[in-house]
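**Student:** Generate a structure from the sequence data that follows.
(chains A, B and C)
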Amino acid sequence: MLVGLGLIASACGGSHTAGTKGPSTSAPAGATTTSASAAAAFGTLPSPCGGGTASGATANGVTDSSITIGFGDDAGYAAAPGLDKEMTDAMKAMITWCNDQGGINGRKVVGNYYDAKVLQVTQVMTQACNDKVFMLVGQGWVLDAGQEKIRIDCKLSSIPTYAVATAFAHGPGVIEPVPGPGDEVPASAAFQLAKLFPDAVQKSAFVFAEFPATRETRDKYAAAFPQAGWKFLKCDQIYNIAGESDWKPFASNLKACGIQSVVWVGSPNPNLENFLAASKQVGFAPQAWLTDSNHYETEFATWNGQNASAGDNVYVRLATVPFELASQAPAVQKYIDLMNKSGGKVALLGEQATSAFLLWATGVKACGSTVTAKCVLDSAAQQTSWTAGGLHTATSPGSNDAPSCGILLRLQGASFVKVAPTTGLFDCDPRYLVKGISTTALTAAKLDANRIATEFGTFTPS
Amino acid sequence: MTADAIGVPMSPTMDRTDLALELGGVTAAYGSIDVLHGVDLAVPRGTVVALLGPNGGGKSTTLRVVAGQLPTTGGDLFIAGRRVNGAAPDELARRGVCVIPEGRGIFPNLTVRENLWMATHAGVARKAVEEVAYERFPRIGERRRQLAGTLSGGEQQMLAMARALATDPSLLLLDELSMGLAPIVVEQLYEIVAQVATTGVAVLIVEQFARAVLGIADWAGIMLHGRVTAFGTPAEIETDLSTAYLGA
Amino acid sequence: MNLLINGLVTGAVFAIAAAGLVVTYSTSGIFNFAHGALGMFCAYIYWDLRVNDHHRWPLLPKGHWPAPLALGFVLLVVAPLIGAVIYLVVIRGLEGTSETVKLVVPISVLLGLISLANWIWNANVPHTIQPFFGSDHKVTVFGAVLLWHDLTVLVVAATLAVGLRVLLYRTRIGVSMRAVVDDRSLLELNGGRPHRVSLVSWMIGVSLSALAGILITPSLGGTLSSTLLTLLVINAFAAAMFGRLRNLPMTFVGAIVLGLATRMAFERPTGLLPKSFDWRGNLRLAVPMILLFAVLVALPQDRLRGTVSRARERFTLPSLGDAGAGAVALMVGMFLLSRIMAPSALLVVSDAVAAAVIMLSLVLLVGFAGEVSLATMALAGIGGTVFFHHVGHNAIDRAGWLAYAPAIIVTALIGAAMALPALRLRGVYLALATAAFSLGVEQMVFKEFAAQRRIYPVTLILLAVAGLVAVWFVFRARGAIGALVASVAAGVVFTVAASDPWLQRARWSPIFPNGNLQVPRPRLLGIDFKPQANFLLLLTVVFAVLGFMLIGLRRSAYGRRLTAMRNSPAACATLGMNIVQTKLSVFFLSSAIAGLGGCLFAQEIGAVTAGRFSLFESMTMLMLLVVAGAGYVSGGFAAGVLYGAVFVTLQSIFAKLAHDYSAFHGPLLWLAQFTTVLPALIGVGLGRQPSGFLDDAFRSWKRLIRGRTPVFVAGVAVELSAWLLAFEHVIGNWDFVLITAALVAVLPRIGATAARSPSAAPGRARSAREDTVPLELVGLDRPFTTEDLREIDLGLGLTSGRT
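**Tutor:** Residues are numbered from 1 along each chain as shown, chains lettered A, B, ... in the order given. Okay, the predicted model is just below:
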């Protein structure tokens, strides 16, 4: 169940995604890039790493010659070993890439790995605090709600891969490379689908898991999607996140209501897959299933290929460049190359972790010798059009706004196919970002005037 | 020869194999507590030997040892002249040792027919078992589809006996056959036992209530404190009995 | 009609799942908790052969096996093999053990299989089994659309019913299987081989599990997960209960009934599928558990087996002085340790002690009273939840002494309420009932509700009813005077509750807002317990005091009643002891402790999620406690350490090493994975040492301490000096741990050899004295000496045990 949560978690708001192997790149000998020649840039982003003469122990974890950061995942979770390890793979590869160029202004980056195994978030956060790392960068822990009190008490800032808890997404001292705030909904897919199937979206329903995170996402969508013209009939289906022994009744109910489009909140493996199989059996065939980025997984596509394309009408929203289009985005290809070289897993969360690292490193570089959390965060906050060299659509980390651009993919056979936009890489429109959403978690987070959560206290990064 | 030692008269033509059962100085223990302190006993073929004595003397333990359910810690155990220390109960059963344990040797949740079927594990054909059983004990023949646990005490004992007969054993061990039964039923059962002995089966009966069994026994022994303290004909033993039960 | 057909199919699914369970139980007397897990495991293997091109099983050809071949291989070779292994390695050793051990070992197998499956097959990748004949072949029966696969399920269920009947009643091996459970030794006397018979029955049982797993997975949607069949298995258990675990036809009938009931709970028009997100949705998920609980409680149970089960477990009982000394030693020792521990170590040890407090509830319930409960963590969760809601979050100052009281009382009441209908259940049935309760609580309570009604009136009504029931009980037990006193007491409680401002204001707020509770640490006696070291000491003190009280309880008359009840309920009944009252009271007390433990545990974890209080956690706790020694308070401590610290730490160490030394990445990662299976392996080993591994350790340590030998004193001195060195940072913490571990392991052995040598300290009573007269003939073959008399008194428990 928590695997599902882990995959869903990332779907709250921003383009958090999980696992895909990229296109099978067997690197021919000549194409292997050496660290020296790769140094100069990451896609369209000039490399923030390089030699220099920075010095001074200006903050925790910062010395004349090194900066120690913390990163981590939930890979040790017994029920799903290797959960989200792609973030760690990316962080390790990026740290190596950066150190190969001389570090940042001459200071090498040292990374401490913290495995929260899902249930031990408080332990790892305590550990990170005790280790006095400079910042947490590129980490992602499924149950991060539990960490906030400790993190705020020890005044540890962070640029994470993703944030699940609303309090963390709006937390003091936190900036996300692809923000997923709790009061906004990136609704590009809703608009795009409404354009493609104007009639089908008039008869829509939610299918969501009976779990706080999914319920909240459903509420957010219910508030936002009508602005794109969606109309939800009273036919919501709520399933047990741990799995159902029989999905057919749910599908039958949807069929009986005459539903033509479904908004699915959950994870592909195994719940959506089982639901699709059951729908096929009862003959429920809506024109579209709308899912979020965490459904962009090779495993899901493979399943579809092996199972008579039961999921051919599944649509996925993305704010990052899909691996199929790596040729149009050198940064994506670079990421894939780095992963292949280090033997890391190629997946969307890894891309996002890379973006987190680059955002952080860019901020550190700009701070020169006096590297402090405040300086780094301020520098990152000034990025109003951050794409991590072309890994994803332009975001505005400083204003903590979700992206207003998106790509719509469709699952067809054993692969994903881009459906919108028909020209260009991303489809952008200010309407796509729905603001002013309110949920119980948001209320509980007690946002102040600057949309910073005060639920667990607050601090000013220094 | 222990038979001599305990006073069983042996004719010159008899040898060890004529003894269906022989125990020589057998000791046994439950954990660290010794129960048998050197038991000498012999049961010739075709005879009925009764083992008497008060509770706690070791009679049932002796049976368990012979049945293979309790290992010996010393001494020798011979069945039909062959040393069988340490043999498993099922092995012995297949060799013709038939035990009817205390408290009815039947499976309460199986029917009469199924109980008899279980006797075939000893190597006898099912048909043969049923024939002998129903012929000998018509009462259980009438109740062949009834759950054995719902039979009366006497019928249960009959069923157990039926198993004993049908498997054509060479040594029959009976533990407290009369427990909980009406005297007339006990008499009937012991008559059958006597008949069985005439067919060449050696029978060793453990009993607390001497009167019932002394009528049919050829030999009797008294067990006290884990040893056979007296052995002889029923007449000889009767006088020792009162001291045995009351004096020790 | 649609409903009926679909209900039949669902029922057939349950029936197949239940059949294997009934076969193994009725032929071995062991309830196979791991039944569903075995089915799951075999289904995964089937997937490997049928779907996976690159499976990693040696010796077997790769590629897609054709379905009949794969099916046949798994059902006729793999599953029986697994069954044989389980029987030979695990089940056979359970002869003569108590009911608790007979329960815990299959539970360990269950947990182990789940860990193993997670390890072998990556949970992040879908493993899908297609329905037989594909998902396109359909047939319409009376308006219901069925796949050919569903028809297959129906046919198989019917065939199974007939086939099993034939097996168990018309074949000798089948009848022997029933005979074995009736009277094992009698079968031996008949010439049968009970071990062989049991072996066959387990092979058949696991094969049936595999059949269920493979057939059912496609019906559930097709994609496997390691906990998949757990859901299904609840229904299978309920169906099996219909047949009282031995009657196959009734099992099938029960399965059909349950299938229909579940279907009706689902679908229109009778269905409970809600339109909006509220408690009714949770209720639907709780239906199987409710049905199981109802079946357990309603159907008549087996008659009490009158014979005392000669269990192989023995627990020695410390004197009060020893207990007190132990408690003080623990507190002092923990204080000293906390001074040298690193913060992360502090955290881990605190987790362990918090878990240990919860373990105490099981020590009382399982160790002392011989009952069983799989609802420990659920009750702990209730305690933590009530505490949280009473205190409110962030209100650290309000968490004082009194904040714990409502949590403890409510949990105790709920625990007693759970036990009340289940009072005449024992062993397996009780375990299942508590498991059903635990799952029900997970589904219905540890969730969010949207409704916002006030709880005040409902609570008052419940309190009033509870009060009346209590008064009635007291009246029955003690007559009018007692009833009067009880009424006054109840009235006081009622008035206090009625005027509690919190209760008046409270509403059904989400019980687990956003999925986790932020539980604040307390401030007591002016000390802030937020810092970890302080909280650790608080936990230790609570444990020590509770443990001491428990030992005192055990030594009292109440404790003796519990032991009597544990050994032979039938005998107790004939003595006129009120079993109902005693059972109820022990559940009440045990739940109270669980509630307190739950509060502390929640405070320890800080941000606690519902998953912490799941059935699997309760199972793990029970297993670890029985492994460590359920009858010992120190067993509770050891189990807490195992649960909260050992395996987690081991896994972290290996993972970190794998991370740091990438050369050994593979093997180290393998070891890290192995530690997830380790607890279950240890549980499985219980057959060898049913009293738990601590028993031996205790005996040897006791001898050491009693003797007050120079060896012991020297050991203490070494330990203290090691501590001093660690405190002054002369040696590292790891060195200290190693020294301590070495001392603990080695001292008893040195002490034993020292005692045996002729220069042993005088006054040691029972050195190995040569005595030719066996014990039972002392007094007959030779006269009594005073030494003998003292020994006899000792054996009869007429002295305190001090020599």
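
**Student:** Let me see the contact set for residue 133.
**Tutor:** Here I'm looking at chain A. Applying Cβ atoms under 8 Å, 6 or more residues apart in numbering or on different chains to A:Val133 gives the contacts A:Asn60, A:Gly61, A:Thr68, A:Ile69, A:Gly70, A:Asn112, A:Leu156. Bear in mind the C-beta positions are built from the backbone N, C-alpha and C, glycine included.

**Student:** Chain B was what I was after
**Tutor:** B:Leu116, B:Ile140, B:Gly141, B:Leu159, B:Ala162, B:Arg163, B:Leu165, B:Ala166.

**Student:** Among the residues you listed, which lie within helices?
**Tutor:** Judged by DSSP state H, these include B:Leu116, B:Ile140, B:Gly141, B:Leu159, B:Ala162, B:Arg163, B:Leu165, B:Ala166 as members of helices.

**Student:** Thought B:Ala160 was touching the second one, still the case?
**Tutor:** This means B:Ile140. No: using Cβ atoms under 8 Å, B:Ile140 is not in contact with B:Ala160; the gap is 10.1 Å.

**Student:** hang on, the earlier thing: restrict the contacts of B:Ala133 to those near chain A?
**Tutor:** Among the contacts of B:Ala133, proximity to chain A is found for none (Cβ under 8 Å from any Cβ of the partner chain).

**Student:** Can you tell me the centre-most residue of chain B?
**Tutor:** By Cα atoms, centre = their mean, the mean C-alpha position of chain B lies nearest to B:Leu173, the distance being 1.6 Å.

**Student:** In TSV, list the contacts of B:Ala133 along with neighbour count and pLDDT.
**Tutor:** Below are the contacts of B:Ala133 laid out as TSV (neighbours: other Cβ atoms under 10 Å in any protein chain shown; pLDDT from 0 to 100):
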residue	neighbour count	pLDDT
B:Leu116	26	91
B:Ile140	23	86
B:Gly141	15	86
B:Leu159	26	89
B:Ala162	26	86
B:Arg163	27	83
B:Leu165	22	80
B:Ala166	25	82
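
**Student:** so which helix or strand takes in the residue in the stretch 201-350 of chain A that chain B sits nearest to?
**Tutor:** Nearest residue of the stretch 201-350 of chain A to chain B (Cβ to the nearest Cβ) works out as A:Ser245 at 34.2 Å. Assessed by DSSP states H and E, A:Ser245 sits outside every helix and strand.

**Student:** ok so, going back, who wins for most neighbours among the contacts of A:Val133?
**Tutor:** A:Gly70 (27 neighbours; other Cβ atoms under 10 Å in any protein chain shown).

**Student:** and chain A, what are its domains?
**Tutor:** A:2-182+A:325-401+A:441-445, A:185-323+A:403-439 (automatic domain parsing).

**Student:** picking that back up, can you put the contacts of A:Val133 in TSV and add pLDDT, secondary structure and distance to chain B?
**Tutor:** Listed next are those as TSV, based on pLDDT from 0 to 100; DSSP: H, G, I helix; E, B strand; the rest coil; distance: Cβ to the nearest Cβ, whole Å:
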residue	pLDDT	secondary structure	distance to chain B
A:Asn60	89	coil	66
A:Gly61	90	coil	65
A:Thr68	94	strand	63
A:Ile69	95	strand	64
A:Gly70	94	strand	60
A:Asn112	91	strand	58
A:Leu156	94	coil	63
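
**Student:** quick one: contacts of stretch C:715-730?
**Tutor:** Residues from elsewhere that reach stretch C:715-730, judged by Cβ under 8 Å, 6+ apart: C:Leu336, C:Arg339, C:Ile340, C:Ile731, C:Gly732, C:Asn733, C:Asp735, C:Phe736, C:Ile739, C:Thr740, C:Leu743, C:Leu747.
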